[in-house]
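**Q** coords please:
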Amino acid sequence: MCLLSTEENLREKIKELTCLYEISKIISKSNSINIQTLHDIIMSIKNAWRYSADTIVEIHVTDYHLSTSQQMEESISQSSFIQVNKVDCGHIKVHYPAKKYTQNDFDDDEQKLLDTIAIEVGNYIEKYQTLERKALLRKTIERMERLTLLGEMTAGIAHELNTPLGNILGFAELIKEQNIDSDIDADISIVINSVIYSREIVKKLMFFSCEMPQKLESQEIKPIIVFALSFLKSNFQKKGIKTELIFKDENVIAKVDSVQITQVLFNLLINAVYASPEKSIIKIIVDHDENNLYLKIEDQGTGVPDTIKEKIFEPFFSTKPVNYGCGLGLSVVHGIIKNHNGEIILQDNFPNGTIFIIRIPLT
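**A** The predicted model follows:
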């Protein structure tokens with residue numbers, strides 16, 4: 001290490017203090033983890049080192065890797081690790097060209113400065129990761145509260161509609177049995193079919209609100225899934241879609257209502273077929289750990305835009321044409337999984353498509 005004169009030493013101290021002040025200011029002005037903030041930080045570090053004209057600073061943290069200029073072929077360096085929640089998540093390195101400098105050209109105070117900056121950067125990243133997690137948790141809680149309220153409302157609506165629909169259906173069938181006029185018979189048939197369709201909607205509303213009776217039994221999961229796939233075979237064939245069923249354990253047993261889980265599979269697979277292009281692949285992956293069963297359905301379709309991801313489990317929300325569905329499929333799925341004390345998560349499939357992940361307790 002080269003000895004500095006009093007004047008040079010004072011000048012270097014001023015540069016170091018200026019660097020710390022600048023970095024503190026850069027971080028305080030930033031409202032997220034971004035390239036510009038990290039770039040400003042490494043530029044400030046570059047200016048603080050003694051031989052700044054020959055200095056190259058690089059930072060590698062989370063998904064970002066930045067450098068003040070193109071890396072030299074041979075260099076000497078000093079570095080400091082960046083820690084977030086006491087875990088190494090990256091580093092900051094300061095380089096000099098090896099042909100011109102040696103390791104002794106780095107100052108001990110410069111290493112201390114780099115360590116201090118690494119701590120500041122780690123705290124900066126930790127802060128915004130915490131804020132992002134809080135924001136995500138807040139959104140999740142808000143969505144759950146909204147769905148709970150909708151569940152209570154739809155349960156009340158379903159109970160109120162059941163009795164009058166039953167009366168309409170009963171009297172319509174009685175009229176049909178006693179009627180001899182063909183014109184009236186056709187009209188009554190329309191009434192009966194409309195009532196049956198309405199009752200199906202009521203049934204789906206009750207599924208969504210967890211008001212349907214359950215019959216939980218410990219049983220193998222594979223036969224339920226195989227049945228659902230075989231039942232929908234013609235749906236897949238119409239679009240030339242192939243299915244891949246992957247089991248990590250074919251003998252996995254869980255305590256479920258087989259009818260309700262079949263309903264979940266029907267709704268998710270029909271949606272996947274609707275969204276998928278011809279001759280694509282839909283994967284069904286079944287896995288488990290000590291406590292939970294995991295069902296994953298992956299398609300290569302159009303995906304779900306970020307703007308509507310929070311709405312897709314709400315009743316009557318649909319992106320399909322008006323006469324294609326009533327918008328209750330995914331709300332039914334949500335209600336059934338909730339009734340099994342589980343959860344359903346939506347993810348993007350890359351390069352395109354959607355992934356639904358269902359977690360259900362094994363017991």
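
**Q** State the distance from the residue nearest to Ser258 when sequence neighbours are not counted to Glu73.
**A** Of all residues not flanking Ser258 in the chain, Ile224 sits nearest, at 5.3 Å (C-beta to C-beta, 6 or more residues apart in numbering). All C-beta spots, glycine's among them, are computed from the backbone N, C-alpha and C. According to C-beta to C-beta, to the nearest Å, Ile224 stands 61 Å off from Glu73.

**Q** What lies in contact with stretch 123-134?
**A** With contacts defined as C-beta atoms under 8 Å, 6 or more residues apart in numbering, stretch 123-134 is touched by Ile27, Ser30, Ser32, Ile33, Thr37, Val61, Thr62, Ile82, Val84, Asn85, Cys89.

**Q** which among these end up buried?
**A** Buried subset of those (neighbour count, 16 or more other C-beta atoms under 10 Å): Ile27, Ser30, Ile33, Thr37, Val61, Ile82, Val84, Cys89.

**Q** if we can go back for a sec, the more surrounded of Ile224 and Glu73?
**A** The neighbour comparison of Ile224 against Glu73 (other C-beta atoms under 10 Å) goes to Ile224, with 20 against 7.

**Q** burial count for Asn267?
**A** For Asn267, the neighbour count with other C-beta under 10 Å is 22.

**Q** ditto for the one 3 residues further on
**A** Using other C-beta under 10 Å as the criterion, Ile270 is surrounded by 14 other residues.

**Q** immediately after the helix or strand harbouring it, which helix or strand?
**A** Ile270 belongs to helix 258-275 when assigned by DSSP states H and E. Later in the chain than helix 258-275, the nearest helix or strand by DSSP H and E is strand 281-288.

**Q** Check which strands are paired with that next one and give the direction for each one.
**A** Strand 281-288 has the following strand partners under DSSP bridges: strand 242-247 (parallel), strand 292-298 (antiparallel).

**Q** what's the offset of the shortest one from the middle of its chain?
**A** Between the centre of strand 242-247 and the centre of its host chain there is 22 Å, according to C-alpha atoms, centre = their mean, to the nearest Å.

**Q** Show me what counts as buried in it.
**A** For strand 242-247, the neighbour count (16+ other C-beta under 10 Å) marks Thr243 as buried.

**Q** So what touches it?
**A** Contacts of strand 242-247 (C-beta under 8 Å, 6+ apart): 222, 225-226, 229, 236, 279-286.

**Q** Does Ile92 belong to a helix, a strand or coil?
**A** Of the three states, Ile92 takes strand under DSSP: H, G, I helix; E, B strand; the rest coil.

**Q** Please apply the same query to the one 4 residues further on.
**A** For Tyr96, the reduced secondary structure class is strand; criterion used: three-state DSSP.

**Q** How about it: what's its closest non-neighbour residue?
**A** For Tyr96, ignoring the flanking residues on the chain, the nearest one in space by C-beta to C-beta, 6+ apart is Ile76 at 5.3 Å.

**Q** contacting residues around that neighbour?
**A** Shown in contact with Ile76 (C-beta under 8 Å, 6+ apart): His95, Tyr96, Ala98, Tyr101, Thr102, Gln103, Asp105, Phe106.

**Q** So which of these is the closest to Pro351?
**A** Relative to Pro351, the closest of the contacts of Ile76 is His95; by C-beta to C-beta it sits at 36.1 Å.
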